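**Student:** here is my input, please return the structure:
(2 chains)
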Amino acid sequence: MIIPGRLKYTLCSLTWLLYSLTALADSDAGKGPEDTEEKQYVLDETVFTATRTPKALKDVPVITRIITGYQLKRVDATNIQDLLTEEIPGLEFGYAMNQEVSLNMGGFGGSAVLFLVDGERLAGETLDNVDYSRLSLGNIGKIEIVKGASSALYGANAVGGVVNLITRESLEPWHVSIDSRYRGFGNEWRTNGTVSFNTGKINSSTSVQYTTSQTVRLTDPFDTESDIHNVFGGNTLNIKERLTYRVRDNLKLIARGGYFSRLSTRTTYDDQYYDYSAGLRGIWNIDKEQTLELLYSYDQYDKSRPVGGHRTDDHDYSNRQHIVHGLYSKSLGRHCLTLGADYMYDYLSSYQFTDNAAYSQSSFDAFAQFDYNPLNWLNIIASLRDDYFSESDNNALTGRLAVMFKPKSLTIRASYAGGFRAPTLKEMYMNFDMAGIMMIYGNENLLPEKSHNFNVSLERNGNVRRGGFFAGTYSMTLSGHYTYYDRRITTVDFEGDAEREAGAVYCNQEGVQATGLDFTARYKTNSGLGVSLSYNFFHPIGQTIDSQFTQPRPHSATWRIDYDKQIWKNYGIYAAVSGRYLSSVETPKISGLGGIPGGSAAGSIIGSANGNKVISEAYSIWKFTLRQRVWKGIDINFVIDNLFNYRPEVYYWNSAPTTGITWSLGVSVDIGGLIRALRLGWD
Amino acid sequence: MKTLKTIFALALVGLGLTALSTSCNKIDGTENATPAAQEVAGNYSGDMTVSVMGQNIPFEDLTFSLTAVDEETVSLGTPSFSYGNMVLPAISIAELKVTSDDGVCTLSQTEFSGTTDDGKAYSGTVAGTVKDNTLTVNITLNYGSMPMPMVVSFTGTKN
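**Tutor:** Okay, the predicted model is just below:
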């Protein structure tokens, strides 16, 4: 592996550019007039995902993005898909076959991005993507995103990044809130309710979210160019409970449970999904320097297919994971040592196996991390992890080294991280007749995917004092990355043999390389005006990541101009114009299907390096948001999405699934806040 | 006399109704036009294209049939064909309204659904025209567990 010289040159040029951009600012970074709630909160916010230990965001040596509760409210997203699409450039959700949601993040598909809830994995997948509908945001306090490989801490799947949803823990004695939103697209209704109480010893939080929508036809029924014709409707129910019991000041137990169901209404059948989860976690602060955490969690994700209201047995799927996890950390003066180990029992029963068979495997891992802080302006973190997977008898050793310098008003981060993804039971044992069209076979001899990821970033924060109305604070981050992604697991044509007919088979492909740039800039005035811009550039080198579903766009951007003002004591507004841009991209098109004249087999369906290509056009989608804060705890939200009525000419898998301008109206009520305000009024 | 007047009045009414009748059935411009459904009924032979995910697969020399149910309604019969390892049986799409205007008979866009003899559910949308004894029909077909629709296009001449 050779880091392209072009990358080094580019980074040096950009360093100069970053300094030039901030040359006119008052370089009193971190100080100055009162910062906005958002800025202070973000930089000093404690994050966990990057190092599995609590560190302030500004002190984390690994590039981490945080989406705060304030930002969550602002976007008013239903689930993680809606949120990330608006907030993170270089991250795109499209559709895969069967029109399930498919993720692309910096060139990596859903199987290479690890989604966690409170640090815990999710069972189940469809076409290599977790069920993003499970990741509702009703009781989420913040989201931490680590881009780049993190397998040294999180193991398999953390090749392209980690997205960790952190549950909000309410500190109020009690809290009741309800919100409901209607959206014109698909006549979608979303209703959330949250109830929590806190006695000091016991803290409980219960949230329920229900969403229903109708199928939306995107294009003419006889359109032969488009890949997708409809956005299917259905309903989703998400129930979560989290109970914290403080045994003593230094010992707490956290129990959680969850139920999820989703019905996707299709044409000749429906798809039904269920999830049942539970966990018990103990956190023991042994003394001021040592912490021990033990966790057991269970997650079961099931799928089935009813036809005419009756369950069939031809699409039964059940993935069950038992996980036992231990984490120990010890402070050594300014430094910190972290040791961890995990055991996972993974069971999979699937219609994609012969006769709905079941397979299981055990995996073990152990990791160590040393957080070295010799100086105030220097932090080095080194991690090493070994994973073992019983079914494939594979061992994977991964490491990470991250360094952070803080010379004067600049923060420089650089890291190397290894990533890996073990072959799944599905990829090893599949023997699937896909809708009678062709066969797809697993491969027991698959090797784990491996990746090597290099990152460099520059960050500068500061404030502008002498700006009058425009006095405020700014934050800028510029980062570049290079990734070598080897032995990628994919499917290729299979001509058949004495025992099996032609179709497709899973195999390891040659490596792909990719470089990219991220630039983020935010400015917030003390008077409430804010501007933010995020840009992502992605460039594959040589052998490309070739898939008709997850083709990354070379350029993408998100932006927002907003104004937040408390006009009167009992009335405030937040108004924003935001948008996102995705550049055009060439996408491979299938060249046919197995057994069909002129076609090649399923490598064509799952991904093909030959055959036709189509251009997915560039587009931008704008959004207007108006949020009104009325009295105490009542929010009224009005959103116009796709403000300029963009509509694709052809709906490819990664086209925007929109029919034009749409609107939504929502109301949320903090019942506890209302009652407290009334009491104050009476008193 | 009174009876004669009544008969004469009824004859006038009958003539008036005939004169005011719409051109729906006046395909050939004659007063005794064939109902549209009967006009288009028959077997049509020609070529078909099946499009899935933007890829077009040709099929030659297939026969579709239109069967009159009443004066304004036909049923469309499709042939059996193979797609990959999948064999789609012949299906019948009933209750298609047919109208005629200026020599062109139009099969109104209609949504349909059903179940094959072996229990496979299907659904979709159909629309078409018949002009100069040539049937052109488009069908979007969702079949069984197939995750994507097939768009079937057929053009054939009447046998």
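
**Student:** which residues touch residue 147?
**Tutor:** Answering for chain A, as no chain was given. With Cβ atoms under 8 Å, 6 or more residues apart in numbering or on different chains as the criterion, the residues that contact A:K147 are A:I63, A:R65, A:M105, A:G106, A:G160, A:G161, A:N455, A:H481, A:D518. Placement of C-beta: from N, CA and C, glycine included.

**Student:** hmm, no, I was thinking of chain B.
**Tutor:** Counted by Cβ under 8 Å, 6+ apart, B:P147 has contacts A:M97, A:N98, A:Q99, A:A435.

**Student:** angles on the backbone of the third one, please.
**Tutor:** Its backbone dihedrals place A:Q99 at phi 50, psi 40, with angles given as degrees, to the nearest 10.

**Student:** closest one of the contacts of A:K147 to A:A341?
**Tutor:** The shortest separation between A:A341 and any of these is 23.2 Å, and it belongs to A:G161 (by Cβ to Cβ).

**Student:** residues near the closest one, how many?
**Tutor:** 26 (other Cβ atoms under 10 Å in any protein chain shown).

**Student:** beta partners of it?
**Tutor:** A:V113, A:K147 (DSSP bridges).

**Student:** what's the answer for B:D70, then?
**Tutor:** With DSSP bridges as the rule, B:D70 is bridged to B:T73.

**Student:** what's around it, how many residues?
**Tutor:** 9.

**Student:** so which of the contacts of A:K147 wins on neighbours?
**Tutor:** Neighbour max across these (other Cβ under 10 Å) = A:G160, 29 neighbours.

**Student:** what mean pLDDT does the strand or helix carrying A:T312 get?
**Tutor:** Secondary structure assignment for A:T312, by DSSP states H and E: strand A:310-332. Per-region confidence: strand A:310-332 scores 91 on mean pLDDT.

**Student:** show me what that strand is packed against.
**Tutor:** Contact here means 3 or more Cβ pairs under 8 Å, 6 or more residues apart in numbering or on different chains; DSSP states H and E; on that basis strand A:310-332 packs against strand A:290-307, strand A:335-350.

**Student:** quick check: buried residues in the helix or strand just after the shortest one?
**Tutor:** Spelled out, that is strand A:335-350. Note on strand A:335-350: by DSSP H and E, the next helix or strand toward the C-terminus is strand A:358-375. Residues A:Y359, A:Q361, A:S363, A:D365, A:F367, A:A368, A:Q369, A:D371, A:Y372, A:N373 are the ones in strand A:358-375 that count as buried (16 or more other Cβ atoms under 10 Å in any protein chain shown).

**Student:** over to stretch A:337-355?
**Tutor:** So, applying 16+ other Cβ under 10 Å, buried residues of stretch A:337-355: A:337-338, A:340, A:342, A:344, A:346-353.

**Student:** export those residues to TSV and tack on distance to B:S100?
**Tutor:** As requested, the buried residues of stretch A:337-355 are exported to TSV (distance: Cβ to Cβ, whole Å):
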residue	distance to B:S100
A:L337	86
A:T338	80
A:G340	77
A:D342	72
A:M344	68
A:D346	64
A:Y347	63
A:L348	58
A:S349	57
A:S350	53
A:Y351	49
A:Q352	51
A:F353	55
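
**Student:** what about stretch A:103-117, distance to the chain center?
**Tutor:** Stretch A:103-117 sits 7 Å away from the centroid of its parent chain (Cα atoms, centre = their mean, to the nearest Å).

**Student:** meant to ask about stretch A:391-408, not that
**Tutor:** The answer for stretch A:391-408 is 20 Å, by Cα atoms, centre = their mean.

**Student:** CA atoms only for it, dumped as PDB, please.
**Tutor:** Coordinates of each C-alpha in stretch A:391-408 appear next as PDB, following Å, rounded to 0.1, in the frame of the first residue of the first chain:
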ATOM      1  CA  GLU A 391     -17.700 -21.100  12.100                       C
ATOM      2  CA  SER A 392     -15.200 -19.800   9.700                       C
ATOM      3  CA  ASP A 393     -12.300 -20.500  12.000                       C
ATOM      4  CA  ASN A 394     -11.000 -17.000  11.300                       C
ATOM      5  CA  ASN A 395      -8.800 -14.800  13.500                       C
ATOM      6  CA  ALA A 396      -8.500 -11.100  12.900                       C
ATOM      7  CA  LEU A 397      -6.000  -8.800  14.600                       C
ATOM      8  CA  THR A 398      -6.600  -5.100  14.200                       C
ATOM      9  CA  GLY A 399      -5.000  -2.100  15.600                       C
ATOM     10  CA  ARG A 400      -5.400   1.700  15.700                       C
ATOM     11  CA  LEU A 401      -3.100   4.500  16.400                       C
ATOM     12  CA  ALA A 402      -4.400   8.000  16.800                       C
ATOM     13  CA  VAL A 403      -2.500  11.200  17.600                       C
ATOM     14  CA  MET A 404      -3.800  14.700  18.400                       C
ATOM     15  CA  PHE A 405      -1.700  17.900  18.500                       C
ATOM     16  CA  LYS A 406      -3.000  21.200  19.800                       C
ATOM     17  CA  PRO A 407      -0.600  23.800  18.700                       C
ATOM     18  CA  LYS A 408      -2.000  27.200  19.700                       C
END
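
**Student:** past the lowest-mean-pLDDT helix or strand in chain B, which element shows up next along the chain?
**Tutor:** Counting by mean pLDDT, DSSP states H and E, chain B has its least confident helix or strand at helix B:2-20, which shows a mean of 57. Once the chain leaves helix B:2-20, the next helix or strand it forms, by DSSP H and E, is helix B:36-40.

**Student:** appreciated, that's everything.
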